[in-house]
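# The following block contains a protein sequence and its predicted model.
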There are 2 protein chains.
Amino acid sequence: MTQTTGAPPVGEADGPKHRAIFFFGEGRADGSSSFRDLLGGKGAGLAEMTNAGVPVPPGFTITTGVCRWYYENGSQLPPGFDQEQSAALGRLERLMGRRLGDDADPLLVSVRSGAKFSMPGMMDTILNLGLNDRSVAGLSRRTGNPRFAWDCYRRFIQMFGSVVMGLEKRESEEKVEALKHRRRVLTDSELTAKDLEGLADEFKTLMRRRAGRDFPQRPMDQLAMARDAVFQSWNNDRAIYYRRQNGIPDHLGTAVNVQAMVFGNLGETSATGVGFTRNPATGENHFYGEFLTNAQGEDVVAGVRTPRPIEELRDVSPRAYQQLRDITARLEKHYRDVQDFEFTIEEGRLFLLQTRNGKRTAQAAVRIAVEMAGEGLITRDEAVMRVEPASLDQLLHPRLDPKAKLPVIATGLAASPGAAVGRAVFDADVAAERGKKEPVILVRKETTPDDIHGMDAARGILTATGGMTSHAAVVARGMGKPCVSGASSVRVDDRARTFTVDRATVREGDWISIDGSSGAVMLGRAPTLPAEVSGEFGTFMKWADAARRLKVRANADIPRDAKQARAFGAEGIGLCRTEHMFFAEDRLPHVVQMILAAPEAKALESRLAAAEAQAAAPGARAEAKREVAALKRRLAGPMRHYRDALAKLLPLQRADFRGLFETMDGYPVTIRTLDPPLHEFLPKREELMSQVAVMRADWQRARRRSKKAAKPARLARAEHLLERVEELHEFNPMLGHRGCRLGITYPAITEMQARAIFEAACAVAKKGVKVIPEIMIPLVGHVNELRDQAAIVRRVATEVMSRQGVEVEYRVGTMIEVPRAAITAGEVAGEAQFFSFGTNDLTQLTFGFSRDDAGKFLPEYVDKKVLPSDPFVTLDAAGVGALVEWAVERGRRSRPGLKVGICGEHGGDPATVEFCHRAALDYVSCSPFRVPIARLAAAQAALRGRASGSDQR
Amino acid sequence: MTQTTGAPPVGEADGPKHRAIFFFGEGRADGSSSFRDLLGGKGAGLAEMTNAGVPVPPGFTITTGVCRWYYENGSQLPPGFDQEQSAALGRLERLMGRRLGDDADPLLVSVRSGAKFSMPGMMDTILNLGLNDRSVAGLSRRTGNPRFAWDCYRRFIQMFGSVVMGLEKRESEEKVEALKHRRRVLTDSELTAKDLEGLADEFKTLMRRRAGRDFPQRPMDQLAMARDAVFQSWNNDRAIYYRRQNGIPDHLGTAVNVQAMVFGNLGETSATGVGFTRNPATGENHFYGEFLTNAQGEDVVAGVRTPRPIEELRDVSPRAYQQLRDITARLEKHYRDVQDFEFTIEEGRLFLLQTRNGKRTAQAAVRIAVEMAGEGLITRDEAVMRVEPASLDQLLHPRLDPKAKLPVIATGLAASPGAAVGRAVFDADVAAERGKKEPVILVRKETTPDDIHGMDAARGILTATGGMTSHAAVVARGMGKPCVSGASSVRVDDRARTFTVDRATVREGDWISIDGSSGAVMLGRAPTLPAEVSGEFGTFMKWADAARRLKVRANADIPRDAKQARAFGAEGIGLCRTEHMFFAEDRLPHVVQMILAAPEAKALESRLAAAEAQAAAPGARAEAKREVAALKRRLAGPMRHYRDALAKLLPLQRADFRGLFETMDGYPVTIRTLDPPLHEFLPKREELMSQVAVMRADWQRARRRSKKAAKPARLARAEHLLERVEELHEFNPMLGHRGCRLGITYPAITEMQARAIFEAACAVAKKGVKVIPEIMIPLVGHVNELRDQAAIVRRVATEVMSRQGVEVEYRVGTMIEVPRAAITAGEVAGEAQFFSFGTNDLTQLTFGFSRDDAGKFLPEYVDKKVLPSDPFVTLDAAGVGALVEWAVERGRRSRPGLKVGICGEHGGDPATVEFCHRAALDYVSCSPFRVPIARLAAAQAALRGRASGSDQR
């Protein structure tokens, strides 16, 4: 269920701030829905309904201000509060014609919490407050219904015990069960007044024993204790946890609603129920709800009796049913949104107890928004504002069946949404193999680019370390594959092929389920539901598209992803990471060959150049010339290997690019030249080291037996490879020899990639496809780096196009991901035809956080509020965002009309999309599965901008 | 020798830019010393001397503009050049009364290069140009000295052959030697005219054979070829290399000086010599030089004959000697600097051929500057400007004896100056042990904090990888210890305890020498000279101090370094890295204990907190309470280990701080809280992995023999340690869990350090020492991080001071080293009482360069001019500097008077010091051995600022 985005929250009303209590009743209320900050959602709703003439039992709301005062003043109440409460209570008593604590005809009230935002986990409701050992008899006499009176009383004691006195509800429930067992009845309603009186006594005894104090007989004490319990429940663990999860500020506090009781348990013409004006799961426009006769509110949700569908209310009380339909329809019109309401019918008379905008699934939100716009209830722009962008995720991935009841053994980060069920495997190769035959989930401490084939074959990915933008998370989101990352209680043992959580051990082949939308890891096979996109979704997205200014592109590396992106409405590719193409099985050997040969070829080449210069200088010695010849001989091998490898990669890359260009006909395709450090393509250093260590120990043992034991060829090969790997090893690969630094050291690689791009572009253009390649040079920090690489690209472009006889429109630009590039954006824009902010790396460098390592402290940072949120999820506007704004401003000053986008993972985060809109970027680019989210977020940003006047269409 | 910083270089004179040739002679010259850009140093000096009435043989200078035109126009000369040259030559011929190429009485000229900055490596001089087979006879007849004529001719052919025709000088020298051998004479001067004529023929034959062409007989051809050879020599390898080393722009070009010959080889009343007005090695104010009679210029430096001390010239030609003294004294006054001159005496008549400001050692530069100021020749401020700050290094470290002639087997970066001689060792432990008994040089692929004790024991450090700010380089400079880093041709084999360079192998115990001032690595024991600080040094530094505004502090971690820093004039400690104290032998075990216990204690603690909250909540189950008890039991062990370790470190740190405070009595001491990632204190992951792999293989083998073989305890321990190391392992430690992130995760560490600081400060303050502790929180990116840590520090400070009954003035501030801190400096300054720019990390993060890995591409970047210089040596003003300026401006706007310094390695770089002066920083902090350099650089920056009017005293 999703919190809808209704009208923008109002600030605290300027008016009667000093008032502690707002009264409502008899068609007039002190407050209204605009007092939500002060009255909470429930109190504001009650006031608004009262004003609207809806039958609401009268009462009063103690404001959130009192709660804040209570917390700031050591659990004291503000001066004058008691008098104000007495006055309100007096007014209520006069209105109801009964007095609280009156022995003969007591006024009973309910006490409920009500914060600004609805919060499960807080103390909810106490009913029937005001009863005691004496007044229960009065109530019995007045109503002539002893069973009713005792039922009210035992319920009150039971609720008071658990909510106010901290008793376990289980114990009192056990007593009820035991009694029913003794009486041989099935339901509470079969218990007699005598039975219930006995229960009340039992509860009081239990309270004395467990809480060490008697049940309070004075109604004013009951009220004070219930009120304080509501205040205190604001800061219980579950409430705090909920607020943290939902970004609700801790200082708001809760209001307390004290309201005259009406009784749904006065017999068979009384009832209580809840409902929605439309179906909150599907969005269908039909009256939806359920009720129980002769019951009080809690019974409907408690599951003790099975409630009846609301249509049957027509049979029970046709007048009340029609009245309820009329009133709730009015309320929906009044609030211009689906209403979630509670009602009670007391002997045929209807009372509304609560109304609020109904939470709903994403699917329902979309349908409701579209239909309400169709009905003219809201405008299309309002409809666009009604759906939380992030919730669209639910429409795009299979999801966990909410009825699933599997044990959750661990919780990690909800890194890539959707549910996955499969057999646990611990190795990418196993995943690739086994994944062909049955569903598998790849479980790793952390994934690396080596694992791509295993991730591709797996239904989902689970990692023990790494954050929301770790390798596993990023790749999984790119693949649209569920992922739970950073499940820190999971200890992976690669050798044993198991993982353990506390004492539980999961072995290879065991079934597990993960929910990438919640971060849950479960044992066994959880039931899932397939993705459903109802017909209104398309309409809704069209309206969103009409509202937005920002373009939305996708990050896609291969044609399959590009097709998916187009299907989700991407308007081009904002980032194609060419290196992802390098990991494919048919390419990796060539890549490895290139890497092994390149440094040696390079080193010999520069020695050769120096030797040649020396040999050419006046007075050169003969040795210099001999050196030149020797170097040329030595260079031949590595150079051939290097060039051969590149030559083999060229046609493969060209074919990839052709596929992308064809798919993106008419849209720009931004292709980034090779970015990762070369060692990522080689075997892992640590594994090689251990292998070599073991092989060396073996060989030494062999030599102790026989001096002549030769070094095994396997060892020699492994040592050679290890030597290369060591040469390429880096202390901080993130800050090492990668990005354009590679292209500058090995210009032949850039040249090969540029050639593949332009050969593909020309070939496709000849077939009538409109290609717009944008070549993006990564990791530029100084304009000279871009200049160096752009020169290669332009040279190759000119050469290829003239040979092919085709002119292709292209741009050369850069990824702004190094702070220095942002700082010197004016200079960089002199050379760059576009900027694309690589906000992943820009965030890493601006904060000095490694996203692969930040899992060690970032969760604690967010928890301790050192940072407001994970900067790898939502762009840090004050720091990284300031750099972005600076760079946009300087870049456009130096090159008016400079095209600027963002291609980090942030591109799919709604808050970041809003930032990008405000920062006047031209587009955002995100993973294909987030394209619809970004489109909607862009639309909402534009609508909000227009509403606030900071923006014009 | 050092290039002095004279008057600021003048721009090209506005006047006769279009002129290709400037004439000088007869007391009047077209140019003057202000035409240095156009005439080169030599040409400008000749013009200036001519104008000053100094006897200079007349001639003309072909401008650097012609050279540039020559390069830009495919080796052509500008239109009209030939006419201009003819005119100048004609004027020279008229003045001398002789014609070039006249058979009977030929005019002979010298042709010399002369660039704006003196450049060894370029073609230097051709003498006697104009002679040919016919005019040699004429010269012989005219002078009546056939030997002289043939001597001139054979010299000319020899020089022309080697300089213009590219012949090897060795071959012609061999012919001279062979002839002397045949004639049984020792010196050239004993050869007869006939001998020399034969030699001339031999040289011509040689030229024909080697160069494939005849010696040119036409003087105008000779002149054209010589001139073009000068132009071409501008771009030979050695010249390019020299320019790169000295930061001389490539586009300047060289001038060519054509000057009438005067002859020092006309007999015993003729002579030629060179000299300095003061001693360029020591600075002593005495006439200094040497000469040869009956010789031409090159003989003095060629070493064929041993020249005589210049005082003896008095005996040869008293009048010429006195005239030389008078003229050079006048020249020194005229140029207001030491002059390096060349002269020739032709039959008793003196000619000056060149004068220029003399290069000198740092020692000489200081003495000369001080003495000239004493003589009133220059002001004190001018004296301060006369010494290159970086050159002071020579005065502070032992240096290589310039006479050392050992084979240089490799060259790395001149990472920490001074020479070191010792036995090669490959392991820090071996270095520590062996270093007690004999000098050792620690050779490592790269050093790590583990190696500190070995570095401490070694005379010098040599590494194969790593740049100017690699661990080895930084620590070595901090220790004032010579270091050559990144000697990439050195391949270290730790196991074999050898290193190899090409085919040479150096074994443990072999003697090697390194020169940290040049980067040279030599086999064997090079002679060194001890540091000499002459008395003038103190005076000089006092004058510098009077001129500067910037304060200069030192980076010092231990009292010994702090004492050194004070001795060099540091005004406080700008950076004390507390972790360096952790590596000491008596502390490391406690640190390891703390690290092993901390994460577990931490994890259990947070689980305990959660469990306690659950147990306390209403309706808590009994299990929750049992869980609390269980966790408390589990926590006891790790928590005790953690707290015990901290308790043991406290008194040790306190003692360190006491020492620092006492040494820095009256000066501020900036202490940085723990910064490096914890794994730096543990054994190396790779080593452990290999050990475990081998032990596991052994155990498996044992199990194959006997199923019952138990896992060896050693293996179990190693596995446990490895598990911890793995938990702490980071992909990018630079961006990982370090700096204040540690303090936030483990507040007890910050608390212990703060306690140690304030307990030490109070104790020392009670003894009357003035302590000004400045606690610096590292790696802050968000103001909240600083807020968290500052709160701990302030709380501990208050508590300790109140307990001790002493008030100590202290400040809490932050290191600005994360770009985000600079960007949000306004907010950060709200919390920080000072900023200290950690420009090492700020440069790393702003560029995205890891200084440990940048060695793979940074040299090529500088070489290819992608970057103007290594940004780890000189602060990148455009990028990193822009961040610094922004942060200073924002910081001071938010907190007026905010104290701002810099404590990166850049603090000792003169160009960076100048930047810091301009950026209005309060101080720079650098390693102790660079303090005098920074003081001088700060003075020069202030003087330049005042001169340019951008600055006021």
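Perfect, thanks for sending it.

# what about residue A:940, how many neighbours?
The number of residues packed near residue A:940 is 25, by other C-beta atoms under 10 Å in any protein chain shown. Just so you know, the C-beta spots here come from the backbone N, C-alpha and C atoms, and that holds for glycine as well.

# Secondary structure element holding it?
Per DSSP states H and E, residue A:940 falls inside helix A:931-947.

# which secondary structure elements does that helix contact?
When contacts are defined as 3 or more C-beta pairs under 8 Å, 6 or more residues apart in numbering or on different chains; DSSP states H and E, helix A:931-947 sits against helix A:380-385, helix A:393-396, helix A:536-547, strand A:551-555, helix A:910-918, strand A:923-926.

# As a markdown table, the ones you listed with mean pLDDT and distance to chain B would be great.
Formatted as a markdown table, the helices and strands packed on helix A:931-947 follow (pLDDT from 0 to 100; distance: least, C-beta to the nearest C-beta, whole Å):
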| stretch | mean pLDDT | distance to chain B |
| --- | --- | --- |
| helix A:380-385 | 96 | 32 |
| helix A:393-396 | 78 | 28 |
| helix A:536-547 | 94 | 32 |
| strand A:551-555 | 97 | 20 |
| helix A:910-918 | 96 | 15 |
| strand A:923-926 | 97 | 21 |
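
# For the ones you listed, give me JSON lines that also has distance to residue B:240.
Listed next are the helices and strands packed on helix A:931-947 as JSON lines, based on distance: least, C-beta to C-beta, whole Å:
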{"stretch": "helix A:380-385", "distance to residue B:240": "65"}
{"stretch": "helix A:393-396", "distance to residue B:240": "60"}
{"stretch": "helix A:536-547", "distance to residue B:240": "59"}
{"stretch": "strand A:551-555", "distance to residue B:240": "45"}
{"stretch": "helix A:910-918", "distance to residue B:240": "48"}
{"stretch": "strand A:923-926", "distance to residue B:240": "45"}
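
# Now render those as TSV, adding mean neighbour count.
Output for the helices and strands packed on helix A:931-947, formatted as TSV (neighbours: other C-beta atoms under 10 Å in any protein chain shown):
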stretch	mean neighbour count
helix A:380-385	22
helix A:393-396	21
helix A:536-547	19
strand A:551-555	28
helix A:910-918	23
strand A:923-926	30
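
# ok so, going back, could I have the helix holding residue A:940 exported to CSV, CA atoms only?
Extracted in CSV, the C-alpha atoms of helix A:931-947 (Å, rounded to 0.1, in the frame of the first residue of the first chain):
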residue,chain,number,x,y,z
VAL,A,931,12.5,4.9,-16.9
PRO,A,932,8.8,5.1,-16.1
ILE,A,933,9.7,6.3,-12.6
ALA,A,934,11.9,9.0,-14.0
ARG,A,935,9.3,10.0,-16.5
LEU,A,936,6.7,10.5,-13.7
ALA,A,937,9.2,12.2,-11.4
ALA,A,938,10.1,14.6,-14.1
ALA,A,939,6.5,15.4,-14.7
GLN,A,940,5.8,16.0,-11.0
ALA,A,941,8.9,18.2,-10.8
ALA,A,942,7.7,20.3,-13.7
LEU,A,943,4.2,20.5,-12.2
ARG,A,944,5.5,21.5,-8.8
GLY,A,945,7.8,24.0,-10.4
ARG,A,946,4.9,25.5,-12.2
ALA,A,947,2.8,25.5,-9.1
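
# tell me which residues in that helix are buried?
A:931-945 (16 or more other C-beta atoms under 10 Å in any protein chain shown).

# can you tell me the average pLDDT over that helix?
Taken as a whole, helix A:931-947 carries a mean pLDDT of 95.

# Next, the angle strand A:551-555 makes with it.
Per axes from the mean of the first three to the mean of the last three C-alpha atoms, to 10 degrees, the angle that helix A:931-947 makes with strand A:551-555 is 150 degrees.
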